[in-house]
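[1] sequence first, then the predicted structure:
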Amino acid sequence: MVIVYTLILVSIYRVFQIGADVGEIKELLKKIERKTAGAVAPTAVAVDTGPESPEALVRAIHAASYQDLDATIAETSPRKPA
């Protein structure tokens, strides 16, 4: 029975500790928001190309990943013949 009470007390302690941590995070976020309130957000350049199909988007992602892979392979030193 003592173990059960101990577990309950530890759980309550942890809940209050997590609540304090969340409070600190909220204060830090408010501080950051106040510091960046005067900063101007960069505007994105809008290019209206129309909606692309999901297949075109997947092809573009795969093409980009293969280019990265090719660049990585090209950077490695050549293997010596055995």
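    Arrived safely, thanks for sending. Numbering: from 1, shown residues only.

[2] which parts of the protein are helices?
    With DSSP state H as the criterion, the chain has helices at 2-35, 54-75.

[3] want to throw these into a markdown table with mean pLDDT and mean neighbour count?
    Any C-beta I mention is one placed from the backbone N, CA and C, and that applies to glycine too. As requested, the helices of the chain are exported to a markdown table (pLDDT from 0 to 100; neighbours: other Cβ atoms under 10 Å):
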| stretch | mean pLDDT | mean neighbour count |
| --- | --- | --- |
| helix 2-35 | 94 | 10 |
| helix 54-75 | 71 | 9 |
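
[4] quickly note the distance from residue 26 to residue 34.
    Relative to residue 34, residue 26 is positioned 13 Å away (Cβ to Cβ, to the nearest Å).

[5] could you do residue 7 as well?
    Counting by Cβ to Cβ, the gap from residue 7 to residue 34 is 41 Å.

[6] with just CA atoms, put stretch 7-27 into PDB.
    In PDB, the C-alpha atoms belonging to stretch 7-27 read as follows (Å, rounded to 0.1, in the frame of the first residue of the first chain):
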ATOM      1  CA  LEU A   7       3.600   6.200  -6.900                       C
ATOM      2  CA  ILE A   8       0.600   8.600  -6.600                       C
ATOM      3  CA  LEU A   9       2.700  11.300  -4.900                       C
ATOM      4  CA  VAL A  10       5.500  11.000  -7.500                       C
ATOM      5  CA  SER A  11       3.000  11.200 -10.300                       C
ATOM      6  CA  ILE A  12       1.400  14.400  -8.800                       C
ATOM      7  CA  TYR A  13       4.900  15.800  -8.400                       C
ATOM      8  CA  ARG A  14       5.800  15.100 -12.000                       C
ATOM      9  CA  VAL A  15       2.500  16.700 -13.200                       C
ATOM     10  CA  PHE A  16       3.400  19.900 -11.400                       C
ATOM     11  CA  GLN A  17       6.900  19.800 -12.700                       C
ATOM     12  CA  ILE A  18       5.700  19.400 -16.300                       C
ATOM     13  CA  GLY A  19       3.300  22.300 -15.700                       C
ATOM     14  CA  ALA A  20       6.200  24.500 -14.600                       C
ATOM     15  CA  ASP A  21       8.200  23.500 -17.700                       C
ATOM     16  CA  VAL A  22       5.300  24.300 -20.000                       C
ATOM     17  CA  GLY A  23       4.900  27.700 -18.200                       C
ATOM     18  CA  GLU A  24       8.600  28.400 -18.800                       C
ATOM     19  CA  ILE A  25       8.300  27.500 -22.500                       C
ATOM     20  CA  LYS A  26       5.300  29.800 -22.900                       C
ATOM     21  CA  GLU A  27       7.200  32.700 -21.300                       C
END
